[in-house]
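J.: Any chance you could fold what I've pasted below:
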Amino acid sequence: MFAPYALYTPHFETELEIIQNHLNDGDEILFIGCNANFLTCDVNLKHETRICLRCMGKRRAGIKLLKYKINTKDIYLLTGKNKSELKNIKTEFNTLEELQNFVIEDFDIGYGVLSSLISILRNPEPDVLLYRNIIKQYIISSLATYRSMQNHIDSFHPDKVYIFNGRFAYQRATFRASLGKNIQTIVHERGCDIYHYEIFKNGTPHDIYYVAELIENKWQSCSDMKYREEKGSEFYHNNAKGIAKSWHSYVKNQKEGLLPKNWNTDKTNIVIFNSSDEEYQAIGDLWKNPIFTNQSEEIKRIVESVRGDRGIHIYLRVHPNLQKVKNRQLDEINSLKSDNLTIIPADSPISTYALLFNASKAITFGSTVGIEAAYWGIPSILAGPSYYKQLGSTYNPNSHEELMNMIYSNLEPKNKEGALKYGYFINTFGIKFIYFKPTGLFSGKFNDKIVKNSNIISLLAVMLRFSYPINILIDNYSISRNEKDLGFR
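T.: Numbers count the residues shown, from 1 in each chain. From the prediction side, this is the model:
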């Protein structure tokens with residue numbers, strides 16, 4: 001179990017759940033945890049002492065709640081050859097593309113580092129020169145993780161390796177190291193609701209074709225046609241009502257039925273529902289769009305293509321998830337001007353579903369609302385990669401010209417069976433927790449106890465917040481110790 005981040009609830013508790021299940025079966029567990037090893041990480045970008053202590057304290061508290069003892073080890077297990085390699089690794093990148101394309105053996109290290117950085121900054125195109133020091137730290141720690149996990153696998157000879165999510169820097173390092181050793185690699189993530197988690201065998205939740213296969217298999221494996229259609233439909237009705245089962249509802253602050261004041265039913269009203277570029281920007285080639293470089297570029301081309309056409313009006317619903325975000329994507333969107341364009345800000349109370357239900361056509365780039373449009377009988381044009389692209393319920397243009405032809409054509413809604421398949425999967429997938437009892441999206445109890453630090457660890461963390469650097473108080477967990485472990489001192 002590669003579990004470096006104990007602060008993430010419910011993901012750490014999911015790891016405890018998986019471990020407990022294996023212990024019940026008599027399996028031997030090797031738990032690989034972080035003892036302030038990383039130079040930087042997704043939880044603690046600045047390597048602050050108090051955060052490291054909280055994370056380590058929670059991990060120890062969680063492990064104590066397991067019914068049997070397990071083996072635990074530090075992440076880093078490096079040979080002299082590994083340390084020499086770390087000293088000479090490339091850490092300077094002049095462009096985003098150069099970082100993306102940086103690969104070591106079968107390890108797409110640049111994509112992993114970029115994925116972590118994008119998620120932290122909420123910016124799909126971070127400045128690699130501005131953040132060069134953080135990138136350097138991520139690169140070094142990623143390669144150290146990759147080599148260490150290869151060495152752990154050679155030493156322990158596991159039958160399975162578990163990680164969370166799979167797209168972030170150190171999780172991706174472990175994913176590649178494990179697959180490269182021909183070990184079954186299992187990725188865990190949230191399930192259909194807070195009471196379920198899901199596992200992905202030798203794949204990740206971001207693999208379009210893998211997930212599409214899971215969707216189809218789950219649909220075919222249910223012989224009760226009425227049940228699967230009811231559960232599939234339930235997903236869309238819940239979304240429209242703002243009922244969230246596994247994540248936040250993005251429409252809870254919107255006013256039901258509210259349309260823009262300039263909505264004109266005599267016109268062809270095209271509604272574009274954009275999405276955040278950040279999560280899928282650094283996944284890999286599967287999520288590269290064949291039509292455009294980024295969403296705002298294609299939206300601009302659409303606006304320009306219909307400029308002056310009084311029979312068409314474009315409404316751009318900016319995704320509510322982009323509230324309070326400042327990046328190039330939003331700057332470009334907000335700079336668009338046209339008489340037949342209305343931009344609806346991320347925090348606007350205008351109803352996403354009022355827009356959808358009244359739209360002549362919906363254009364999306366992979367967000368869930370694209371398949372929701374198909375379910376509700378709205379012609380849905382999908383202008384980007386998505387899990388539901390191959391389900392047969394959306395129009396999938398391969399060029400800007402083809403997309404514009406769809407805008408001007410009299411499209412009929414497609415068969416919604418694909419939408420039902422998607423809804424059924426999203427509404428039912430996952431394994432129900434036994435030992436972890438969730439109380440919210442980010443809270444719950446494992447074996448009837450909240451996993452938290454001991455009072456001493458918590459007090460020390462608070463004291464250190466206002467005190468001295470970690471290498472003065474606890475040299476065992478200092479940054480100088482990290483650099484020494486990596487062969488730099």
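
J.: contacts and neighbour counts: CA atoms only from here.
T.: OK.

J.: For the stretch 151-300 of the chain, just list every one of the helices.
T.: Using DSSP state H, counting those that start in this stretch, the helices found in the stretch 151-300 of the chain span residues 169-180, 208-221, 225-241, 278-281, 295-306.

J.: Just name the most buried of the ones you listed.
T.: Greatest average neighbour count among the helices of the stretch 151-300 of the chain goes to helix 169-180 (a mean of 24), per mean count of other Cα atoms under 10 Å.

J.: Asn123: neighbouring residues, count only.
T.: 21 (other Cα atoms under 10 Å).

J.: Could you do Gly57 as well?
T.: Count around Gly57 with other Cα under 10 Å applied: 23.

J.: just Asn405 next, same as before
T.: Burial of Asn405 is recorded as 12 neighbouring residues (other Cα under 10 Å).

J.: what ranges of this structure fall below the confidence cut-off?
T.: Flagging of the chain using pLDDT under 70 yields the residue ranges 277-284, 454-489.

J.: still on that earlier bit, same list, the helices of the stretch 151-300 of the chain, but as CSV with distance to Leu341 please.
T.: As requested, the helices of the stretch 151-300 of the chain are exported to CSV (distance: least, Cα to Cα, whole Å):
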stretch, distance to Leu341
helix 169-180, 39
helix 208-221, 32
helix 225-241, 25
helix 278-281, 25
helix 295-306, 7
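
J.: Excluding chain neighbours, give the residue nearest to Arg228 in space.
T.: Counting by Cα to Cα, 6 or more residues apart in numbering, Arg228 lies nearest to Tyr424, which is 6.0 Å off, once chain neighbours are set aside.

J.: Over to Ser348?
T.: In this structure, Ser348 finds its nearest non-sequential neighbour in Gln254, 7.1 Å apart by Cα to Cα, 6+ apart.

J.: Surely Leu420 touches Tyr375?
T.: Yes. Using Cα atoms under 8 Å as the test, Leu420 is close enough to Tyr375 to be in contact (7.2 Å).

J.: how much space between the spatially closest residue to Ser360 that is not a sequence neighbour and Thr49?
T.: With Cα to Cα, 6+ apart as the measure, Asn269 is the residue that lies nearest to Ser360, at 5.2 Å, once sequence neighbours are left out. In this structure, Asn269 lies at 54 Å from Thr49, with Cα to Cα, to the nearest Å as the measure.

J.: Name the residue in these two with the higher neighbour count.
T.: Each of Asn269 and Thr49 has its neighbours counted (other Cα under 10 Å); Thr49 has more, 26 against 22.

J.: Over to that one: give its phi and psi.
T.: The main-chain torsion angles of Thr49 are listed as degrees, to the nearest 10 and equal phi -60, psi -50.

J.: same deal with Gly166?
T.: For Gly166, the backbone dihedrals are phi 100, psi -10 (criterion: degrees, to the nearest 10).

J.: what's near enough to touch it?
T.: Neighbouring residues of Gly166 by Cα atoms under 8 Å, 6 or more residues apart in numbering: Arg172, Phe175, Val187, Thr204, Pro205.

J.: Enumerate every residue touching the first one.
T.: The contact partners of Arg172, by Cα under 8 Å, 6+ apart, come to Phe107, Ile109, Gly112, Gly166.

J.: In TSV: those, plus secondary structure and distance to Leu66.
T.: As requested, the contacts of Arg172 are arranged in TSV below (DSSP: H, G, I helix; E, B strand; the rest coil; distance: Cα to Cα, whole Å):
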residue	secondary structure	distance to Leu66
Phe107	strand	33
Ile109	helix	34
Gly112	helix	31
Gly166	coil	25
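
J.: Please identify which of those residues is nearest to Leu16.
T.: Gly166 (17.7 Å; Cα to Cα).

J.: So which residues of the stretch 301-450 of the chain form strands?
T.: Counting by DSSP state E, counting those that start in this stretch, the stretch 301-450 of the chain forms strands over residues 312-317, 341-344, 361-364, 380-382, 431-432, 436-440, 443-446, given from the N-terminal end onward.

J.: and Ile431, how many residues sit next to it?
T.: Per other Cα under 10 Å, the neighbour tally for Ile431 reads 14.

J.: Confirm for me that Ile89 is in contact with Tyr138.
T.: No. Using Cα under 8 Å, Ile89 makes no contact with Tyr138, being 11.7 Å away.

J.: Between these two, which is the more surrounded one?
T.: The residue with more neighbours, out of Ile89 and Tyr138, is Tyr138; 28 against 14, by other Cα under 10 Å.

J.: so the more buried one is in which element?
T.: Tyr138 belongs to helix 132-156 when assigned by DSSP states H and E.

J.: who touches that helix?
T.: Residues from elsewhere that reach helix 132-156 (Cα under 8 Å, 6+ apart): 30, 38-41, 45, 75-78, 82, 86, 89, 91-93, 109-110, 113, 117, 128, 169-170, 173-174, 176-178, 181, 486.

J.: Just the buried residues of stretch 406-415, please?
T.: With burial defined by 16 or more other Cα atoms under 10 Å, the residues of stretch 406-415 counted as buried are Met406, Ile407, Pro413, Lys414.

J.: I'd like the distance from that stretch to the chain centre, please.
T.: 32 Å (Cα atoms, centre = their mean, to the nearest Å).

J.: Same question for stretch 56-63.
T.: Its chain's average C-alpha position is 25 Å from that of stretch 56-63, according to Cα atoms, centre = their mean.

J.: How about stretch 213-221?
T.: Counting by Cα atoms, centre = their mean, stretch 213-221 comes out at 22 Å from the chain centroid.

J.: do stretch 360-371 as well
T.: What separates the centre of stretch 360-371 from the centre of its chain is 19 Å, taken as Cα atoms, centre = their mean.

J.: what's the answer for stretch 22-39, then?
T.: Relative to where its chain is centred, stretch 22-39 has its mean C-alpha point 23 Å off (Cα atoms, centre = their mean).

J.: Outside of it itself, which residues are in contact with it?
T.: Under the criterion Cα under 8 Å, 6+ apart, residues 1-5, 19, 47, 52, 56, 68, 70-76, 137-138, 141, 156, 477-479, 482-483 lie in contact with stretch 22-39.

J.: which parts of that stretch are buried?
T.: Result for stretch 22-39 [16+ other Cα under 10 Å]: buried residues Leu23, Ile29, Leu30, Phe31, Ile32, Gly33, Cys34, Asn35, Ala36, Asn37, Phe38, Leu39.

J.: got the end-to-end distance for that stretch?
T.: The first and last residues of stretch 22-39 sit 32 Å apart, counting by Cα to Cα.

J.: do stretch 177-187 as well
T.: By Cα to Cα, the extent of stretch 177-187 from end to end equals 13 Å.

J.: what's in contact with it?
T.: Contacts with stretch 177-187, where a contact means Cα under 8 Å, 6+ apart, come from 106-107, 146-147, 149-150, 153, 158-166, 175, 199-205.
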